[in-house]
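Peer 1: Here is the input, now give the coordinates:
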Amino acid sequence: MKTESLREMKNNLSRVIAGLPRTGPVLITKTGKTSAVLLPVGEETDMETLLLASDRRFWRLFDSASGSKKWTSFGELP
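Peer 2: Now for the predicted structure:
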């Protein structure tokens with residue numbers, strides 16, 4: 001995974017975006033700390049899954065639902 005400073009991103013955004021298919025995700029740092037990530041996106045990218053994967057509220061809801069015993073296991077199916 002490539003890392004770029006925010007200053008470099010501002011100066012070279014077009015170049016970095018053009019290189020995303022080759023380099024993959026790019027971590028963006030501000031004052032030496034990671035503050036964002038730039039991801040390559042194509043026609044096959046599932047945007048809903050990508051956004052849910054980083055949504056803390058979704059994962060809290062998922063964890064609460066999975067612990068509630070309201071799920072039907074494969075063994076319980078007819």
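Peer 1: quick one: residue 23 and residue 63, what's the gap?
Peer 2: Residue 23 sits 33 Å away from residue 63, going by Cβ to Cβ, to the nearest Å. In short, each C-beta sits where N, CA and C put it, glycine included.
Peer 1: Looking at the two now, which is surrounded by more residues?
Peer 2: residue 23 (14 against 10; other Cβ atoms under 10 Å).
Peer 1: what stretches of the chain score poorly on pLDDT?
Peer 2: Within the chain, the ranges that satisfy pLDDT under 70 run 68-74, 77-78.
Peer 1: Please, where are all the strands along it?
Peer 2: Taking DSSP state E to define them, one finds strands in the chain at 2-5, 26-30, 33-38.
Peer 1: longest helix in this protein, by residue count?
Peer 2: helix 6-23 (DSSP state H).
Peer 1: ok so, going back, distance to residue 58 for the strands of the chain - can I get that in CSV?
Peer 2: Shown next, in CSV, are the strands of the chain (distance: least, Cβ to Cβ, whole Å):
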stretch, distance to residue 58
strand 2-5, 27
strand 26-30, 23
strand 33-38, 18
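Peer 1: With distance to residue 15 and mean neighbour count added, can I get these in JSON lines?
Peer 2: Formatted as JSON lines, these follow (distance: least, Cβ to Cβ, whole Å; neighbours: other Cβ atoms under 10 Å):
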{"stretch": "strand 2-5", "distance to residue 15": "10", "mean neighbour count": "15"}
{"stretch": "strand 26-30", "distance to residue 15": "11", "mean neighbour count": "16"}
{"stretch": "strand 33-38", "distance to residue 15": "12", "mean neighbour count": "11"}
